[in-house]
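Undergrad: Requesting a structural model of the entry that follows:
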Amino acid sequence: MTERVTVRVGPESAVLVLGTARDRWRDAARDLRREVPSVLGPQLILLPLGAGSAVLAHVALGLGTGAAVGLLAAATLLETLAFTLLAVGESLLRPGRLEFSPPRAPVRMRAVRAGRPGRWRPVAALGQVRVAHRVTEPVDGDPRPLTETFTVSATGRPTRALSAYDVPGDPRRLVAQLTELLASAGVPVVLRTARYGWRRGDPPVLLSATPWHAVGPGGAPVDGEPGPGAGDGPRYPAGP
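TA: Prediction:
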């Protein structure tokens with residue numbers, strides 16, 4: 001499953017694949033569900049103003065009741081679409097791929113959105129690449145299985161999120177690929193693992209989290225940093 005986010009090396013460039021089009025539309029739908037209150041809130045606030053405008057159009061301009069109501073509905077629809085695009089804009093604008101050239105020691109990169117490549121930029125524009133790994137495990141006999149997801153972000157990009165936080169799998173192979181690709185450009189690639197636990201009927205609670213650290217061959221932390229499982233986060237409270 002991690003092949004949805006992976007590095008593919010070709011003869012002319014290396015490409016960081018950041019999920020599928022289906023992933024991005026699912027992310028946009030998720031963001032929209034999360035932002036529903038912010039989308040509908042302005043509509044409720046502006047509804048009296050819209051109703052007043054419809055009455056004014058009915059009285060002052062001589063529009064029929066049906067035309068005035070239609071005008072109000074059209075204005076409300078346009079406002080809703082505008083607020084919706086603002087709410088999910090980051091997900092829709094997230095690049096599908098990052099292309100690096102030349103493939104073995106890249107000096108430039110460009111984002112590809114909806115199949116359209118952007119302008120070339122220095123690889124150093126990425127700043128630092130961060131891979132956040134989330135492990136959610138059952139506690140106290142909860143029947144749900146252990147799950148692993150991760151996201152990829154860059155500290156130097158205007159749109160920092162590169163992949164959604166529901167990409168399944170262990171990201172350490174991807175971290176090794178990115179480290180090899182970006183080492184010559186001096187762009188650090190770091191990993192952080194956060195472990196969560198869930199009990200029946202409760203939302204996930206943070207168990208532990210590692211500091212951000214570079215990962216060497218085989219997933220081992222470098223520079224003596226703690227590896228996954230060495231936690232600095234709060235522990236799940238003991239059961240009754």
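
Undergrad: my guess is residue 15 is in a helix, correct?
TA: No: per DSSP: H, G, I helix; E, B strand; the rest coil, residue 15 lies outside any helix segment and is strand.

Undergrad: Point out where the chain drops to low pLDDT.
TA: For the chain, residues meeting the criterion pLDDT under 70 lie at 1-3, 20-73, 75-77, 79-92, 157-160, 164-165, 216-240.

Undergrad: all helices of it, in order?
TA: Per DSSP state H, the chain carries helices over the ranges 21-34, 36-60, 65-93, 172-182.

Undergrad: Dump the C-alpha coordinates for stretch 198-208 into PDB.
TA: Provided in PDB are the C-alpha atoms of stretch 198-208 (Å, rounded to 0.1, in the frame of the first residue of the first chain):
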ATOM      1  CA  TRP A 198      -7.700   3.000  21.700                       C
ATOM      2  CA  ARG A 199     -10.100   1.500  24.100                       C
ATOM      3  CA  ARG A 200     -13.600   0.300  23.200                       C
ATOM      4  CA  GLY A 201     -15.800   3.400  22.900                       C
ATOM      5  CA  ASP A 202     -13.000   5.900  23.300                       C
ATOM      6  CA  PRO A 203     -11.000   8.000  20.800                       C
ATOM      7  CA  PRO A 204      -7.300   7.300  20.300                       C
ATOM      8  CA  VAL A 205      -5.000   8.700  23.000                       C
ATOM      9  CA  LEU A 206      -1.300   9.400  22.600                       C
ATOM     10  CA  LEU A 207       0.900   6.800  24.200                       C
ATOM     11  CA  SER A 208       4.400   7.900  23.100                       C
END
